[in-house]
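1. sequence first, then the predicted structure:
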Amino acid sequence: MSETILILNAGSSSIKFQLFATQGGEGLERRLKGEIEGIGTNPHLTAESKDGRSLIDKSWSAEELGDAAAALDHVLDWLTQELRGEMPSAVGHRVVHGGTRFTAPILVDDAVIAGIGALIPLAPLHQPSNLAPIQILRRRLPELPQVACFDTAFHRGHPAVADHFAIPEALYEEGVRRYGFHGLSYEYIASALPKVAPALAAGRVIVAHLGNGASICALKAGRSIDSTMAFTALDGLPMGTRAGQLDPGVLLYLVRKGWDAARLERFLYHECGLKGLSGLSNDMRDLLAVDAPAARLAVDYFVYRIIREAGALAAVLGGLDGIVFTAGIGERSAEIRSRVSAGLAWLGLDLDESANSRHGPEITKAGSRVQAWVIPTDEERMIARHTRKLLDGAF
Ligand code: ADP
């Protein structure tokens, strides 16, 4: 009988989960996925089977289900029922920040929990939410193996020039570095690319992870050498509600106006990006659907900054062999891919519009000097692979 691995991706008010069953070799079959969202406000649990059938759709009041611990309880109760009493053999977690210490996935023990907790100042919005289910499970089911997988880990091999800001070294030593994020997504793409385009995978590739959060990453022979996100997931490209690269002088200006850290944090994480610029929506679909000058500017800026950063990463790579589009916008918006590709035509990218409108997988013409591909990302599968590999022999 196959074992199952539960993957948890916990945010500030939601816990996303997926369950994989182990198969022969390194195979992993997704059995179900779901989410409990609105924790603390209007909690709502949904899940679907691998063929898209709804398995549960249930709401609670905030009083009945007020925090992450209660939410996790409900998810586990439901899962136990769904699995007819069989518990997962292991749990893999997404953790946003691994700092300098966690350069690879790691089996959780008390020291690891303390280490993840010590990184809270580097990711105050995300790290506590990621840590909560790890602690809860450790207390409740101490024998259950848990593996922490870090979004920063894939980037830890960056050269010193890509890992530094031009600030005094003492701050670098303190951990103020250009870490880079979306690492589990990039690692998944780096593992998928050799299967569809082996020669390209061995070359110079930009991966564009364009979702609600967005960044691009330079891969040389499958290894990350630089990316647009840095100390936090605020740098680089504009995103749904984050500005991306911003002159720090803007922050000084706002501080002089009297803004405190909490106000700045809300501004930087929730009020900028596509939403701030358009004044309408953080959702690319909405912006592409309306004919309003502010929406057009927001989309133009998004495309412009991708082209600008892709040019910079192509220079860092010493040329470009291909680009891979992934995540919500990258996988689904032919228009954004087409516009980004037009901006990279000078590098030798010759888009096949009809393949692009079908969402690929390959979207450049035969003979295009720079290839373009659409590859759906799968961060949860990447976490499941790491979890299984680390626990190999345990099941
Ligand atoms: P997250 O970063 O939250 O994981 P996703 O990768 O799921 O985000 O991407 C979500 C975003 O993808 C949405 O905010 C939406 O803007 C965008 N998106 C989804 N489908 C489309 C589409 N068909 N066209 C354009 N944008 C889309």
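-> Thanks, I have the structure now. Residues are numbered from 1 along each chain as shown.
2. kindly list the longest strand within this protein.
-> If you go by DSSP state E, the chain has its longest strand at strand 28-37.
3. for it, which outside residues touch it?
-> Strand 28-37 is contacted from outside by 2, 4-5, 13-23, 43-50, 55-56, 71, 74-75, 82, 380-381, 384-385, 388, using CB atoms under 8 Å, 6 or more residues apart in numbering. Every residue, glycine included, has its C-beta placed from N, CA and C.
4. out of those, which end up buried?
-> When the contacts of strand 28-37 are checked for burial by 16 or more other CB atoms under 10 Å, the buried set is 4-5, 13-22, 43-45, 47, 56, 71, 74-75, 82, 380-381, 384-385, 388.
5. how about stretch 103-120: buried residues?
-> 105, 106, 108, 112, 113, 115, 116, 119.
6. name the element the fifth one belongs to?
-> Counting by DSSP states H and E, the element that carries residue 113 is helix 110-118.
7. need the CA coordinates for that helix. CSV is fine.
-> Taking C-alpha atoms only, helix 110-118 is exported to CSV below (Å, rounded to 0.1, in the frame of the first residue of the first chain):
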residue,chain,number,x,y,z
ASP,A,110,13.2,21.5,18.3
ALA,A,111,16.5,23.2,17.2
VAL,A,112,15.1,23.7,13.6
ILE,A,113,11.9,25.2,15.1
ALA,A,114,14.0,27.6,17.1
GLY,A,115,16.1,28.4,14.0
ILE,A,116,13.0,29.1,11.8
GLY,A,117,11.7,31.3,14.7
ALA,A,118,14.9,33.2,14.9
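8. tell me what it is packed against?
-> When contacts are defined as 3 or more CB pairs under 8 Å, 6 or more residues apart in numbering; DSSP states H and E, helix 110-118 packs onto helix 127-140.
9. following the helix it packs on, which helix or strand shows up next?
-> Taking DSSP H and E, what comes next after helix 127-140 is strand 146-150.
10. what comes up buried for stretch 201-220?
-> Result for stretch 201-220 [16+ other CB under 10 Å]: buried residues 201, 203-220.
11. do the same with stretch 280-291
-> Buried residues in stretch 280-291, counted by 16+ other CB under 10 Å: 281, 282, 283, 284, 287.
12. which ones among the contacts of strand 28-37 map onto strands?
-> Using DSSP E, those in strands are 4-5, 15-22, 44-49, 55-56.
13. so which bits of the stretch 101-250 of the chain are right by the ligand?
-> 211, 212, 213, 240 (CB under 6 Å from any ligand atom).
14. JSON lines please, covering the residues you listed and showing pLDDT and secondary structure.
-> Converted to JSON lines, those look like this (pLDDT from 0 to 100; DSSP: H, G, I helix; E, B strand; the rest coil):
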{"residue": "211", "pLDDT": "95", "secondary structure": "coil"}
{"residue": "212", "pLDDT": "91", "secondary structure": "coil"}
{"residue": "213", "pLDDT": "93", "secondary structure": "coil"}
{"residue": "240", "pLDDT": "95", "secondary structure": "coil"}
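15. which one of these is nearest the ligand?
-> residue 211 (2.4 Å; CB to the nearest ligand atom).
16. just checking, what packs against the longest helix along the chain?
-> Ranked by residue count, the top helix of the chain under DSSP state H comes out as helix 293-317. Counting contacts by 3+ CB pairs under 8 Å, 6+ apart, helix 293-317 packs against strand 204-210, strand 214-220, strand 223-227, helix 273-278, helix 284-289, helix 334-343.
17. what sits up against that helix?
-> 162, 204, 206, 208, 210, 214, 216-218, 220, 225-226, 228, 236-238, 244-245, 274, 277-281, 284, 286-288, 320, 323, 336, 339-340, 343-344, 347.
18. pLDDT-wise, which helix or strand of the chain ranks last?
-> helix 68-82 (a mean of 87; mean pLDDT, DSSP states H and E).
19. list the buried ones in that one?
-> In helix 68-82, counting by 16+ other CB under 10 Å, buried: 68, 70, 71, 72, 74, 75, 76, 78, 79, 82.
20. quick one: whatever residue of the stretch 201-350 of the chain ends up closest to the ligand from residue 185, how far?
-> With CB to the nearest ligand atom as the measure, residue 328 is the residue of the stretch 201-350 of the chain nearest to the ligand, at 2.0 Å. Distance from residue 328 to residue 185, counting by CB to CB, to the nearest Å: 11 Å.
21. equivalent analysis for residue 306, please.
-> For residue 306, the distance to residue 185 - CB to CB - is 16 Å.
22. look at the two and report which has more neighbours.
-> Neighbours of residue 306 and residue 185, each counted by other CB atoms under 10 Å, are more numerous for residue 306; the result is 29 against 23.
23. show me which residues of the stretch 251-395 of the chain sit near the ligand.
-> 283, 284, 285, 288, 327, 328, 329, 332, 333.
24. switch the residues you listed over to CSV; also include pLDDT.
-> Below are those laid out as CSV (pLDDT from 0 to 100):
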residue, pLDDT
283, 96
284, 97
285, 97
288, 98
327, 96
328, 95
329, 97
332, 98
333, 98
